[in-house]
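# Structure of the sequence below:
(2 chains)
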Amino acid sequence: MTEKWKLTDEHRAQIPAWNDRWIKIIMSCDPIDVDKTTVAMRNMYRVANLANPRVIYAPSAYVGLTMLAASASVDPASRPDTDDPFIQAIYDGSGNELVSGQRWTSEPFGNTPEEVIDNCVAMIKKLEPDRNKFRTVLSNWSSYYNGGSEWGSWASYLSFVRDVVKWTHPSIENYSYYEQAVLCGGPRYMAAHTCIICDRPVSRRINSDNQLHNETGPAIEWLCGAKVWYVGGVKVDEQIVMRPETQTIKQIEQENNSETKRVRIDRYGWMRYLQDSSAKVVDKRHNDRDNQDEVLYRLRDGQRRFVCVDPSTGRRYALGVPREIDTCQAAQNWLSSGLDDLTVHRS
Amino acid sequence: MATVKVTKQRTGKKVAKPESLINDAPRMFDDSSLEVGTGAHQGDMIFMRICELPKGAKPRQSRQLAIGNTQGSRHVLITGEVYDVPAMQFETALQEAVSKYKPGKRVRISAALVGPVFTTAGGVAEVDHPEHGNHVFHGDMVIACVYQRNLDAEEREQRARD
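Model prediction:
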């Protein structure tokens, strides 16, 4: 019988160092260890009473997804005579020939995740896959997916209880295979007979809060050529990072996500935005409760934007309010469904 | 921790710009600081104190009070009990509380802005957030969560998301 475990002060004292160690694992851009990951996956299939899977290496989770869909939908007898590693991997699982630390080098598949997937799909279509099976796997990708090292937060909890708290349980041996796939591997797709193990990104840029962040280039780049762009943890596009001054007022105003809009305007420059959008000040005040300045603007098309600052984060927001709003207090009240004048605090 | 960033004006005199006064310290509320019918903002969420748990309240699994996977949506109840309440009952309970504090004030909350309701357990409820100060409620309290709204670029009302 396994006893319940309790967290002591001694255990708690080890949490900060444990966190640091696991954040490094989660953020790792080291090449995956193909051999060790393959062994871990085969063991996981074994303890789940599943047949030994074909394990295929992919240079990224985007390429890996299309490989999974292809391997489930192409006719093995129709294998074309080619030395293209992508096609070989689909038919033969030739990724297994990689040795630890080696990365698949090939021409980039595209510059964005969408482009990579589109280009891979175009190549696979030439193999005449069963289109229904192919689409079904693609659209249900999340049911096959595990983030591997990127989902290391789960393993960090379980391993802490085993290694620091010293809790024992019969399931710990089986868990060790999962942990191994986190420590040595990246994202993966697991189907009944095929397991696609995907390489980690080649670079990942973060800020001091561990948020994806790069103001001078992509925040993540993969071997397949895909890149994504983030500022302060907010997903944006290349233009916002590399050429923010080329954004148009229309682009900014049509942005529906308030975080992305905030980043767009921050990158464009607030004063420039208000000037370029011909905004007029309708009302301004100092909000004593929040200790922040607030300004209500009327934009060129008559829309109203209420500019306020979050007192906790210091971030400035331009929130849309109805055209009939003509004071800052009325704006705050409208945003809060009439509750603002009943609230005693904001943080 | 409350911090103040100080900037220098052209005169050379150091002044604190109002918008740079950052306050992300935890905030405690008790009977005297949060009466029934009053509330507090935590980012894009408003916590309103109501009289009692509505009858149709059902316990819910998720302790995250706002839907989503962005950092801004991580208002997480780390102490206390959380419930889902039908929108009509939610609005009625909120109206009752607001009328008690400010007789005659009408409250209309569209269903899309109705959040969960939580209660203190063992005298405490605490809502954690990675960026905004934690809100800690002491005593016997029932809190209704209302989402902030705004207009999108096409002037359609939507729940504010940060």
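# Quick check: pLDDT value at residue B:74.
Looking at residue B:74, its pLDDT stands at 86.
# I'd say it and residue B:67 touch.
No. In this structure, residue B:74 is not within contact of residue B:67 by CB atoms under 8 Å, at 11.0 Å. Using the backbone N, CA and C atoms, a C-beta is placed for each residue, glycine as well.
# Now the closest residue to chain A within chain B: closest residue in space, sequence neighbours ignored.
Nearest residue of chain B to chain A (CB to the nearest CB) works out as residue B:151 at 3.2 Å. Of all residues not flanking residue B:151 in the chain, residue A:320 sits nearest, at 3.2 Å (CB to CB, 6 or more residues apart in numbering or on different chains).
# What distance do you get for the one you found to residue A:265?
For residue A:320, the distance to residue A:265 (CB to CB, to the nearest Å) stands at 13 Å.
# Comparing these two, which residue is more hemmed in?
The neighbour count for residue A:320 versus residue A:265, taken as other CB atoms under 10 Å in any protein chain shown, is higher for residue A:320 (27 against 24).
# The more buried one: what secondary structure?
strand (DSSP: H, G, I helix; E, B strand; the rest coil).
# now do residue B:77
At residue B:77 the chain is in strand, as set by three-state DSSP.
# give me the low-pLDDT residue ranges for chain B?
Applying pLDDT under 70 to chain B flags residues B:1-24, B:69-70, B:153-154, B:162.
# Quick one: residues contacting the residue in the stretch 101-250 of chain A that chain B sits nearest to.
Nearest residue of the stretch 101-250 of chain A to chain B (CB to the nearest CB) works out as residue A:233 at 5.7 Å. Contact partners of residue A:233, counting by CB atoms under 8 Å, 6 or more residues apart in numbering or on different chains, are A:207, A:209, A:211, A:212, A:213, B:70, B:71.
# Just confirm residue A:169 is within a helix.
No. Using three-state DSSP, the assignment for residue A:169 is coil, not a helix.
# Just the pLDDT for it.
So, for residue A:169, pLDDT stands at 89.
# Likewise for the one 10 residues further on?
Reported pLDDT at residue A:179 in the predicted model: 98.
# go on, the one 3 residues further on?
The predicted structure scores residue A:182 at 98 on the pLDDT scale.
# residue boundaries of the strands in chain A?
Counting by DSSP state E, chain A has strands at residues A:54-58, A:145-146, A:188-190, A:194-198, A:203-204, A:220-221, A:227-231, A:234-236, A:280-287, A:292-298, A:304-309, A:316-321, A:343-346.
# Take these and lay them out in a markdown table including mean pLDDT and distance to residue A:123.
Below are the strands of chain A laid out as a markdown table (pLDDT from 0 to 100; distance: least, CB to CB, whole Å):
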| stretch | mean pLDDT | distance to residue A:123 |
| --- | --- | --- |
| strand A:54-58 | 90 | 13 |
| strand A:145-146 | 97 | 21 |
| strand A:188-190 | 97 | 18 |
| strand A:194-198 | 94 | 16 |
| strand A:203-204 | 97 | 25 |
| strand A:220-221 | 98 | 21 |
| strand A:227-231 | 97 | 20 |
| strand A:234-236 | 94 | 27 |
| strand A:280-287 | 96 | 54 |
| strand A:292-298 | 94 | 50 |
| strand A:304-309 | 91 | 46 |
| strand A:316-321 | 88 | 44 |
| strand A:343-346 | 93 | 53 |
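# Report the separation between the one residue in chain A that gets nearest to chain B and residue A:332.
Closest residue of chain A to chain B, CB to the nearest CB: residue A:320 (3.2 Å). Note on residue A:320: its distance to residue A:332, by CB to CB, is 14 Å.
# Now the common contact residues for those two.
Contacts common to residue A:320 and residue A:332, judged by CB under 8 Å, 6+ apart, are residue A:306.
# Please work out the average pLDDT along stretch A:147-162.
On average, stretch A:147-162 scores 96.
# what comes up buried for that stretch?
If you call a residue buried by 16 or more other CB atoms under 10 Å in any protein chain shown, then stretch A:147-162 has these buried ones: A:147-152, A:155-156, A:158-162.
# Repeat that for stretch A:7-16.
residue A:11.
# ok, residues contacting it?
Counting by CB under 8 Å, 6+ apart, residues outside stretch A:7-16 touching it are A:160, A:164, A:165.
# Now do the contacts for the residue of chain A closest to chain B.
By CB under 8 Å, 6+ apart, the contact set of residue A:320 is A:303, A:304, A:305, A:306, B:150, B:151, B:152, B:153, B:155.
# What are the boundaries of the strands in chain B?
For chain B, the strands defined by DSSP E occupy B:2-8, B:14-23, B:27-29, B:39-42, B:45-50, B:58-59, B:76-79, B:81-84, B:114-119, B:124-128, B:135-138, B:142-147, B:149-151, B:157-159.
# want to throw the ones you listed into TSV with mean neighbour count?
Compiled in TSV, these are given as follows (neighbours: other CB atoms under 10 Å in any protein chain shown):
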stretch	mean neighbour count
strand B:2-8	10
strand B:14-23	16
strand B:27-29	19
strand B:39-42	26
strand B:45-50	26
strand B:58-59	8
strand B:76-79	17
strand B:81-84	18
strand B:114-119	23
strand B:124-128	21
strand B:135-138	22
strand B:142-147	24
strand B:149-151	22
strand B:157-159	15
